[in-house]
Each structure stands twice: as structure tokens, then as C-alpha cells.
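J.: Could you look at this predicted model? Sequence included:
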Amino acid sequence: MSVFAPSVMTLWKTIESYGIDPESLFAAEDLKVKLPIDPSMRIPYEKVDRIRAKAAKLCGDEAIGIRAASVISPSQFGALGYAWQASLTLRQGCERLERFARVLNNKVVFKVSDSYDCMVVTMQLNIPSENLAVRDDAALAIITRMSRMVCGDRFRLKTVNFKHPVPRDMKPYFEFFACELNFDQPENQLFIPLNFADEVLVGSNSELALLNDQVVTRRLAMMDKNDIVARVQSALMEQLPKGNISDDSVAESLHMSVRTMHRKLAEEDSNFRTLLVEMRRDLAEHYIQDNSLTLTEISLLLGFSEPSSFSRAFKGWTGSAPSEARQARS
């Protein structure tokens, strides 16, 4: 288990905010923080977890996890943080977290779903911790803080569910989350009203978001060079805007024969055609919401030679033409 090295700056700054020198805590785990932190570095989860637990004991604040949100910067999450900031809607940001969270912690899983009038973000990290409450509080608080960054001061949660028991002091929780709080729940969850989830964000930039998606996808592929699906997805993401994409061009970029690539994908119950269609459809559904992109531009970004080809493909995926889908969302 490992975590994205630059993200440990959040823990470092959180410890510093209590007037405690984090250097000795990190040194005890044989970790030396030197800026800038190489984004290709991974740090063992167990070491970070022990540092966090020791810091909680030293400061005596059971709400130290919430404190982490006050020092967070999207840059500490690398390209995923920048893609979040550039997302068209908060839902798209959360869906990026769902797809790419493994780059931050290779065992964490986020799920995005809808329940009545809310989008529900569920965090699953079913691995041991020396202070599970602090670990999970930090994750929920950081997502909340990053949501406020992109949505503005109006942002409000409806409910937060925590897996851990009720804390001794509820005040920091009420002050930070400012909503209904439920403890001893089956899952860690944020309930975000749909009006905030689907509102177009002022700082959205689809082109910038895509560029950072490409960086994150490459990072995931590099994390596990045996993950052929991630490697093909990374190549697809990079080659789609260039057009003329094929299994030959992707296999060549992976330095393997087409036959080998197809065989490796088949071993993972996948295939090139399915991955290509899934990526095009996923990106199309995101791009169609962005009125700054023309349908011609979208077709080129998805690697179609003609807008008519894109239109036919989109109608096959969704049952409606791209222009109709865009009109329905406006």
C-alpha cells in the first residue's frame, strides 16, 4: 500500500499548525521531506498512518483530521487536484476522484451515486489504521474543503456519515461541516445537494481538465506497468485528439505487437474496441456539457475525422444526437 508523495505535505502542514515540528515524526519513519517533492515518488501507507496517529496523540486534538482541510492545496494532489479545479461541475470533479483516486492511495475507492435530492460520495478504505477516525475525518474534510474552493462560499452539505463512533467533542465537526452528522454508520459518505453537484463552475476549463486527466492516467499506468488496461487507457487518452487512432498506433506506443496487446487485454477480460468506445463515450458526455466547445471541436478531441461520425456514434450511445443532448442540458 502506498500514497502519492506530494500529498504528505498536507500532514506536514497540519502538524505544524499545532506548533509541533513534524521533521522528527517523519524522521522516525525514515522519511525526509525535501521540496519540491517528486510526483513519481510513492510513500508506504503504514508510515504515513503511524505519523498521523502519533501527531494526534501529541496535539491531543481528536479533530486533527478536520484541521487538515485548513492547510490543503489542490497542488498537493498533483494533476488530479488541478483537474478537479478545472472540472465543469462538482459532479465531474467527484467522478474524476472516483476514476483516479488510486493515484493518491492505491487502496482507496470512491463511489459517486445519486440518492433523492443529493449526490452521494462514498469513501471506502478498508485497511487497518492506528487512528481510523483521524484518517477518515481528514479525507471527508479535504473533499468538503475542495468542494468549497470550486463552488464558493454558498456551498453546503446536506449530511455527512462517519463510520467511527461519536467523538467526545462535537463542536469542531458542527463548525466545519455545518450540516446533519451521523456516526457509527456503515460507510463514510458526503451528501451533496444536486444543485451544487450539477451547477456549472465559474473556474471550469475542459481543455485544462483533459490535459491533467492525461497526466493522471499516465501516472496510473506507470504505477503498475503490468496493468495493461491502465496502460492502454493512458495511450488512448493521449492519442485521441491526434486522430487516426488504432490498435496499431496504441500497441506501438506501448512497445509491443498488436497481437501481444490483444492477448494481454483478453487475459484481463477486456479488449481494445471496448476501451476505446468507453473512453470516447465518457469524454463525450463530459464535453457535451461544456458550451465553450463546439460539436466540431468535441469530435476532433475524441479522434473522429468528421463531426457526422461523432454524431452517429453519440446517438448510438445515448439515443439522441449531440445537439439534442446539449439542448436538453441547457
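T.: Thanks, I have the structure now. Nothing here was measured: the structure is a model prediction, and the numbers come from that model. Numbering: from 1, shown residues only.
J.: Can you report phi and psi for residue 121?
T.: As for residue 121, its main-chain torsions (degrees, to the nearest 10) stand at phi -110, psi 110.
J.: ok, now which ones touch it?
T.: Residues counted as contacts of residue 121 (C-beta atoms under 8 Å, 6 or more residues apart in numbering) are 94, 97, 110, 111, 112, 143, 189, 190, 192. C-beta here means a position set from N, CA and C on the backbone, and glycine is covered the same way.
J.: quick one, helices of the stretch 51-200 of the chain?
T.: 64-67, 78-86, 90-100, 132-151, 171-177, 194-197 (DSSP state H, counting those that start in this stretch).
J.: Pipe these into a markdown table and attach distance to residue 58, mean pLDDT and mean neighbour count per row.
T.: Putting those into a markdown table (distance: least, C-beta to C-beta, whole Å; pLDDT from 0 to 100; neighbours: other C-beta atoms under 10 Å) gives the following:
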| stretch | distance to residue 58 | mean pLDDT | mean neighbour count |
| --- | --- | --- | --- |
| helix 64-67 | 9 | 92 | 24 |
| helix 78-86 | 28 | 87 | 23 |
| helix 90-100 | 30 | 89 | 22 |
| helix 132-151 | 12 | 92 | 21 |
| helix 171-177 | 17 | 95 | 16 |
| helix 194-197 | 36 | 93 | 18 |
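J.: Need those in JSON lines (columns: distance to residue 309).
T.: Compiled in JSON lines, the helices of the stretch 51-200 of the chain are given as follows (distance: least, C-beta to C-beta, whole Å):
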{"stretch": "helix 64-67", "distance to residue 309": "49"}
{"stretch": "helix 78-86", "distance to residue 309": "27"}
{"stretch": "helix 90-100", "distance to residue 309": "25"}
{"stretch": "helix 132-151", "distance to residue 309": "34"}
{"stretch": "helix 171-177", "distance to residue 309": "47"}
{"stretch": "helix 194-197", "distance to residue 309": "32"}
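J.: Out of those helices, flag the one nearest residue 268.
T.: Proximity to residue 268 (C-beta to C-beta) singles out helix 90-100 among the helices of the stretch 51-200 of the chain, at 17.1 Å.
J.: Mind listing residues that contact that closest one?
T.: Residues from elsewhere that reach helix 90-100 (C-beta under 8 Å, 6+ apart): 80, 83-84, 87, 110-112, 119, 121, 143, 146-147, 150-151, 192, 196-199, 201, 209, 213, 216-217, 220, 286, 289.
J.: Nearest to residue 311, out of the helices of the stretch 51-200 of the chain?
T.: Closest to residue 311 of these, according to C-beta to C-beta: helix 90-100, at 22.5 Å.
J.: Give me the distance from that closest one to the chain's centre.
T.: In terms of C-alpha atoms, centre = their mean, to the nearest Å, the centre of helix 90-100 is found 5 Å from the chain centre.
J.: the inter-axis angle of it versus helix 78-86?
T.: Angle of helix 90-100 versus helix 78-86, following axes from the mean of the first three to the mean of the last three C-alpha atoms, to 10 degrees, is 160 degrees.
J.: Please export the C-alpha coordinates of helix 90-100 as PDB.
T.: Below are the C-alpha coordinates for helix 90-100, written out as PDB (Å, rounded to 0.1, in the frame of the first residue of the first chain):
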ATOM      1  CA  LEU A  90     -18.600  19.400  -8.900                       C
ATOM      2  CA  ARG A  91     -20.000  16.100 -10.100                       C
ATOM      3  CA  GLN A  92     -17.300  15.800 -12.800                       C
ATOM      4  CA  GLY A  93     -14.700  16.600 -10.100                       C
ATOM      5  CA  CYS A  94     -16.100  13.800  -7.900                       C
ATOM      6  CA  GLU A  95     -16.200  11.400 -10.900                       C
ATOM      7  CA  ARG A  96     -12.500  12.200 -11.500                       C
ATOM      8  CA  LEU A  97     -11.900  11.300  -7.900                       C
ATOM      9  CA  GLU A  98     -13.800   8.100  -8.500                       C
ATOM     10  CA  ARG A  99     -11.700   7.200 -11.500                       C
ATOM     11  CA  PHE A 100      -8.300   8.400 -10.400                       C
END
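J.: and it with helix 132-151, angle?
T.: Orientation check (the same axes, to 10 degrees): helix 90-100 against helix 132-151 gives 140 degrees.
J.: before we move on, back to that, out of the contacts of residue 121, the closest to residue 320 would be?
T.: Nearest to residue 320, judged by C-beta to C-beta, of the contacts of residue 121 is residue 112 at 22.9 Å.
J.: picking up where we left off before, of all the helices of the stretch 51-200 of the chain, which lies closest to residue 31?
T.: helix 132-151 (17.2 Å).
J.: who does the closest one touch, helix- and strand-wise?
T.: Judged by 3 or more C-beta pairs under 8 Å, 6 or more residues apart in numbering; DSSP states H and E, the packing partners of helix 132-151 are helix 8-16, helix 45-59, helix 64-67, helix 78-86, helix 90-100, strand 118-124, helix 171-177, strand 188-193.
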